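Chemist: Generate a structure from the sequence data that follows.
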Amino acid sequence: MAEDRLDKFGPILAEIGGVAAKLVGGDPDGLYIYVEVGDRWHSVSVFKDEGSVVRYYRTSSELSDLICEFSQSEDPDKRWSVMEYEIVGTKFDAQFKFSEEIDVENREIDHREIALKKRYGDKPIVYPPWPRERKTD
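Modeler: Residues are numbered from 1 along each chain as shown. Now for the predicted structure:
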């Protein structure tokens, strides 16, 4: 990330990391956030490498709102479509892809799964169980 962009966006990126760290229990090392932003929508996925497995965490409205605020703070001609955010030790890194690089509106391609496969290979990803359907009497 260019130095001037880091000065401008570093604080909100650090805040994103802090909020995400709370979601995963406080220790941010191994945290990975995959975000897609489209036309009037965004999708946030939070993962943590736990050694033998990668665990998925449900996002919070606080994290989702921060990321939405961040994506909208860019000039319209500089808005990104994908953000890959990671924390290793105590340092974060954010990488961005733009609409000319990736078409997030094409729902036939699961870009998140491709990114996870590239990042973690065949390491198992553990998702929480689906909430049980409520019975109605």
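
Chemist: so who does residue 73 touch?
Modeler: Listed by C-beta atoms under 8 Å, 6 or more residues apart in numbering, the contact partners of residue 73 are 9, 12. Bear in mind the C-beta positions are built from the backbone N, C-alpha and C, glycine included.

Chemist: doesn't residue 107 make contact with residue 38?
Modeler: No - Residue 38 lies out of contact with residue 107 (C-beta atoms under 8 Å); the separation is 9.5 Å.

Chemist: neighbour-wise, which of the two wins?
Modeler: residue 38 (14 against 9; other C-beta atoms under 10 Å).

Chemist: What residues does the closest residue to the more buried one other than its chain neighbours make contact with?
Modeler: Closest residue to residue 38 apart from its sequence neighbours, by C-beta to C-beta, 6 or more residues apart in numbering: residue 104 at 5.0 Å. Counting by C-beta under 8 Å, 6+ apart, residue 104 makes contact with 36-38, 81-82, 111.

Chemist: Least confident of these?
Modeler: Looking at the contacts of residue 104 by pLDDT, the weakest one is residue 38, with 83.
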